[in-house]
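# Provided below are the primary sequence and the corresponding predicted coordinates.
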Amino acid sequence: MTGEGRSTVSPDPLAAMPDPDAGERRVLILAPVGRTGPLARDILTGAGFAADTCTAMAELCGELERGAGAVLLLEEALATERDVRMLAAALAGQPAWSDLPVTVFAADPERPGPSFRNFTRLTPGRSIVVLERPIRAPALISLMRSLLQARERQYQVRDLVAELGRARREAEAANLGKTEFLAVMSHELRTPLNAIIGYGDLLHDGISGPLAEVPKRYVGRIRESAWHLLGLIEDILAYSRIEAGKEEVEIVPVDAADVARDAAGIVEPLAAKKQLALRVRVPEVHLMIETDERKLRQVLVNLLGNAVKFTERGEVALLLERSPGGGAVFRVRDTGSGIAAHHLETIFRAFEQVDPSLTRRQQGTGLGLGVSRKLAHLLGGELSVESELGVGSTFILRLPGVGGTA
């Protein structure tokens, strides 16, 4: 290394930038013998860089813990196996985002010594440059400018990752707050709603005395609206439990055919009201699977209710068959307007709608299909859809059989 030309070098613009943490931008120099270390430091500081010299590997590794932008060392600093392993361990202990530039000055870069070869073997993938010495001052400064610019980009990536991490945590906190709010409000709404349904049932059934035909019809509409609202609240509660990771499943042997018939029976009045045919085809023999019966029924009712809601004429069908692996495959098929191919995943996202105006006319939270897919996953299965515009849609629920075989 030589100081020739040093007086003609002006301070480096990068080094002159405001630096909130100069320790992270400094150059650490390890030259155990001679004047090389102090000379390199003088050249760099004269050009406006922060530079510190070290006289032993232990000192250099200790300084690395305080931060550094680059490391310069003579090949002699890697003379012993102990020093090689010490520096390799210090570099391995750097944060995951860090690739600290290390430059080794050697008398013959084409024939490095065994210690240096061992060092490169212990530091695979690291930014290690070998240069021939002596090196002139302008070349040294140009090298540092390039290395520190690369290091600066690493700091920018680090800061961006940290900012993204903060944003993610804030989003998660906001989402948790939203979920908790939905759960609390849904519980608060369900309590008076249950009372409305209870008193509506008493009036409709004539427990407190017979009603005339017109008031009884009005009470019937009140009951229907209350039950519809309760279904919406149950969707919100299920969604909030799933998002909070609090939804639990109770796996027991279940006859899938019985659950399919029950779900169809719940939706049948809705289909009859729209003058739609509701067709159910299940095996005549028991089709046993291991699942959570209540959640399976909830998924099927959601799918059937959604099919009835968006079908204006024709039929809705629930088909059940055993899968080749011993599980169950439910298909809910309708003759509705169908769904465009690019919207087949959108319909499963919470609160997102393909056509919000249509949903407002039909009423709903936009949670039913999203909750159904999440419940299907909790049950070890999957929910998918096939559709063709102008023809209709088929929602396919696949569940594992006894022993968890799909």
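Here it is on my side, so go on.

# Low-confidence regions, the stretch 1-150 of the chain specifically.
Within the stretch 1-150 of the chain, the segments meeting pLDDT under 70 span 1-22.

# so who does residue 386 touch?
393-394, 396 (Cβ atoms under 8 Å, 6 or more residues apart in numbering). (C-beta placed from N, C-alpha, C; glycine too.)

# For the residues you listed, please prepare JSON lines with the additional fields pLDDT, neighbour count and distance to residue 231.
Output for the contacts of residue 386, formatted as JSON lines (pLDDT from 0 to 100; neighbours: other Cβ atoms under 10 Å; distance: Cβ to Cβ, whole Å):
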{"residue": "393", "pLDDT": "95", "neighbour count": "24", "distance to residue 231": "21"}
{"residue": "394", "pLDDT": "96", "neighbour count": "17", "distance to residue 231": "23"}
{"residue": "396", "pLDDT": "96", "neighbour count": "17", "distance to residue 231": "23"}
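
# Go through these and say which is closest to residue 138.
Set against residue 138, the nearest of these by Cβ to Cβ is residue 396 (70.4 Å).

# which neighbours does the strand or helix carrying that closest one have in its sheet, and in what orientation?
Secondary structure from DSSP states H and E places residue 396 in strand 392-399. Here strand 392-399 has these sheet partners by DSSP bridges: strand 328-334 (antiparallel), strand 382-388 (antiparallel).

# ok, residues contacting that strand?
So strand 392-399 is in contact with 256, 289, 291, 296, 299-300, 303, 306-307, 311, 314, 323, 327-339, 372, 376, 379-387, 406, going by Cβ under 8 Å, 6+ apart.

# among the residues you listed, which ones are buried?
Burial by neighbour count, judged by 16 or more other Cβ atoms under 10 Å, picks out 256, 289, 291, 296, 299-300, 303, 306-307, 311, 327-339, 372, 376, 379-381, 383, 385, 387, 406 from these.

# can I see the domain layout of the chain?
Residue ranges for the domains of the chain, per automatic domain parsing: 6-163, 169-243, 252-399.

# For the stretch 301-406 of the chain, which segments count as helices?
With DSSP state H, counting those that start in this stretch as the criterion, the stretch 301-406 of the chain has helices at 356-362, 368-378.

# mean pLDDT lowest for which of these?
Per-stretch mean pLDDT for the helices of the stretch 301-406 of the chain is lowest at helix 356-362 (a mean of 46).

# what about stretch 76-95, distance to the chain center?
The chain centre lies 37 Å from the centre of stretch 76-95; the measure is Cα atoms, centre = their mean, to the nearest Å.

# in that stretch, what counts as buried?
76-78, 83-84, 86-88, 90-91.

# and the end-to-end length of it?
Terminal residues of stretch 76-95 lie 27 Å apart, using Cα to Cα, to the nearest Å.

# again with stretch 65-76
End to end - Cα to Cα - stretch 65-76 spans 23 Å.

# buried residues in it?
68-76.

# For residue 131, grab the count of nearby residues.
Using other Cβ atoms under 10 Å, residue 131 has 16 neighbouring residues.

# My error: substitute residue 374 in the last question.
Neighbours of residue 374 (other Cβ under 10 Å): 21.

# cool, and the one 3 residues further on?
Applying the criterion other Cβ under 10 Å, we find 12 residues in the vicinity of residue 377.

# measure it to residue 107 for me?
Here residue 377 is placed at a distance of 64 Å from residue 107 (Cβ to Cβ, to the nearest Å).

# any idea where the helices of the chain begin and end?
Using DSSP state H, the helices of the chain run over residues 36-46, 57-64, 81-92, 114-122, 137-204, 213-243, 256-273, 293-309, 356-362, 368-378.

# Against residue 95, how distant is the closest residue to residue 50 other than its chain neighbours?
In space, and not counting its chain neighbours, residue 50 is closest to residue 26: 3.8 Å by Cβ to Cβ, 6 or more residues apart in numbering. In this view, residue 26 and residue 95 are 17 Å apart by Cβ to Cβ.

# Tell me the pLDDT of the spatially most central residue of the chain.
The centre of the chain sits closest to residue 168, judged by Cα atoms, centre = their mean, with a distance of 9.7 Å. As predicted, residue 168 sits at a pLDDT of 87.

# buried residues in stretch 126-135?
126-128, 130-131, 135.

# Equivalent analysis for stretch 343-351, please.
Going by neighbour count (16+ other Cβ under 10 Å), the buried part of stretch 343-351 is 343, 347-348.

# The residue nearest to residue 50: what's it in contact with?
49-52, 67-69.

# one step back: for the buried residues of stretch 65-76, which one is nearest residue 275?
Checking the buried residues of stretch 65-76 against residue 275 with Cβ to Cβ, the nearest one is residue 69 at 76.6 Å.
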